[in-house]
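K.L.:
give me the fold of what follows.
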Amino acid sequence: MQASRKPDMEEIEIAADAPAWRELPSGRELSPEFLELRPRIYTWIEDYYDRDHLTRAGDWMLALAPEAPEYLVVAALLHDLERKVPGGPWLEMAEVSWDDRDYNDAHTFRSAVVVPTWLTAYGADPELAAAVAQPIREHEFGGSPDGDLMQAADSISFLETNAGLVAGWANSGKCSPEKALEKLRWMGERVRHPAGSRIARRYMDRAIGQFEELRMER
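P.N.:
Predicted structure coming up:
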């Protein structure tokens, strides 16, 4: 019988960083409105192709900033949801840089309209619905303190959950293996938030290892 492999220090550090699935901070008092809205959000993203990434973005927001305002947690959970609505911008991933400003601005600004519209339609507090727009607009490049937290939560959760998705792009020919790896590097290296950057780089290294394993399994 083969002995189980002992986890290395990197894996131990990653496990120590990671929040539990859908965990709320211990001892924090959250509004009844937020606690009612949160399950509705999970229902809305249930059939989204990248549901786990969005779920973990909300988890990581609270791990990085346990006292983050409720609108920022909601923004993290819904930041990519323009992709759930037909007619959005399209990235030619084989050719266009991952940090292309035109594409990313079109994506983030559209989400900053779609998400408040959905929140308003479902009876969310109007101030919360309005407040999510700016951090959603900033989730790719950061900028403000809220935007930097959004970028960090987005990056870490993507790297935690999406090595398989990115390997699939390379394996299916949507882009070259090197271009796919550039996506993982960009997500890990772009983070402006200091603590978030340290965590993102650990997850980037792990995601690159997972990517290479998935490529070898072809």
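
K.L.:
pLDDT weak spots in the chain?
P.N.:
1-16, 218 (pLDDT under 70).

K.L.:
name the residue closest to the centre of it, please.
P.N.:
Centrality entry for the chain: nearest residue to the mean C-alpha point is residue 154, 2.8 Å, by C-alpha atoms, centre = their mean.

K.L.:
and that residue, what is it in contact with?
P.N.:
57, 76, 79, 139-140, 187 (C-beta atoms under 8 Å, 6 or more residues apart in numbering). (C-beta placed from N, C-alpha, C; glycine too.)

K.L.:
widest-spaced pair of those residues?
P.N.:
For the contacts of residue 154, the farthest-apart pair by C-beta to C-beta is 76 and 187; their separation is 15.0 Å.

K.L.:
quick one, which of the two is more surrounded?
P.N.:
Using other C-beta atoms under 10 Å as the criterion, residue 76 and residue 187 rank with residue 76 on top: 29 against 24.

K.L.:
surely residue 124 is in contact with residue 37?
P.N.:
Yes. Contact criterion C-beta atoms under 8 Å: residue 124 and residue 37 qualify, at 5.8 Å.

K.L.:
quick check: neighbours shared by these two?
P.N.:
Both residue 124 and residue 37 are in contact with residue 74, where contact means C-beta under 8 Å, 6+ apart.

K.L.:
what's in contact with the longest helix anywhere in the chain?
P.N.:
In the chain, assigned by DSSP state H, the helix with the most residues is helix 194-216. The set of residues external to helix 194-216 that reach it, using C-beta under 8 Å, 6+ apart, is 10-11, 13-14, 17, 64, 148-149, 151-153, 155-156, 159-160, 162-164, 166-167, 170-171, 177, 180-181, 184-185, 187-189, 191.

K.L.:
of these, keep whichever come out buried.
P.N.:
By neighbour count, with 16 or more other C-beta atoms under 10 Å, the contacts of helix 194-216 hold 14, 17, 64, 148-149, 151-153, 155-156, 159-160, 162-163, 166-167, 170, 180-181, 184, 187-188, 191 as buried.
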